[in-house]
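Student: Just a sequence and a predicted model for now, questions to come.
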Amino acid sequence: MVLNFSSSTNIRVRYSETDQMGYCYYGNYAQYFEVGRVEALRDAGLSYKKMESEGIMLPVSEYSVKYISPAYYDDELTINTEISSIKGCRLYFQYEIYNLENKKVASASTTLVFVSKSTMKPISPPVDFLKLMNDYEIK
């Protein structure tokens, strides 16, 4: 299922997230993308917390990032997140981060897998989630 779902959320680079050069440390970007992903799922109508309480987890199986321009302490960043497709038990995301000057800071993609909390094996996406995503399917 190819999708056209997007969501945006803002974060601010904290002092503790910068390195000695004053740049946002590269390791923090995975957390920023996670914020974007969690908020995108929330905007789509799926709560991570509720899903986990129902015995479903979504671990990351692939992560790729391209750093384009540095972010600095106190920069406000916009994380644009797209849910691009669902293939079997896999859920695909695309991300772009921009600063207030609309300069692209980074882009990334992740693949997550729906997994049963009890067996730790891949499972089909929840039917309720698939119904939510039907409205965004590109046909």
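Tutor: Structure received. Fair warning: this is a prediction, and the values are worked out from it, not measured in the lab.
Student: from what I can see, Asn80 looks like it's in a strand, true?
Tutor: Yes: judged by DSSP: H, G, I helix; E, B strand; the rest coil, Asn80 forms part of a strand.
Student: residues contacting it?
Tutor: By CB atoms under 8 Å, 6 or more residues apart in numbering, the residues touching Asn80 are Ser6, Ser7, Ser8, Gly36, Tyr95, Glu96, Ile97, Tyr98. All C-beta atoms are positioned from the backbone trio N, CA, C, and that covers glycine.
Student: Over to Val38?
Tutor: Contacts of Val38 by CB under 8 Å, 6+ apart are Tyr48.
Student: any idea of the mean pLDDT in the helix or strand hosting it?
Tutor: Counting by DSSP states H and E, the element that carries Val38 is helix 29-44. Mean pLDDT, helix 29-44: 96.
Student: Likewise for stretch 74-92?
Tutor: Mean predicted lDDT for stretch 74-92 stands at 97.
Student: Name the residues of it that are buried.
Tutor: 75, 77-86, 89, 91-92 (16 or more other CB atoms under 10 Å).
Student: Could you do stretch 19-35 as well?
Tutor: In stretch 19-35, counting by 16+ other CB under 10 Å, buried: Tyr23, Cys24, Asn28, Tyr29, Tyr32, Phe33.
Student: next one: stretch 42-55
Tutor: For stretch 42-55, by 16+ other CB under 10 Å, it's Ala44, Leu46, Met51.
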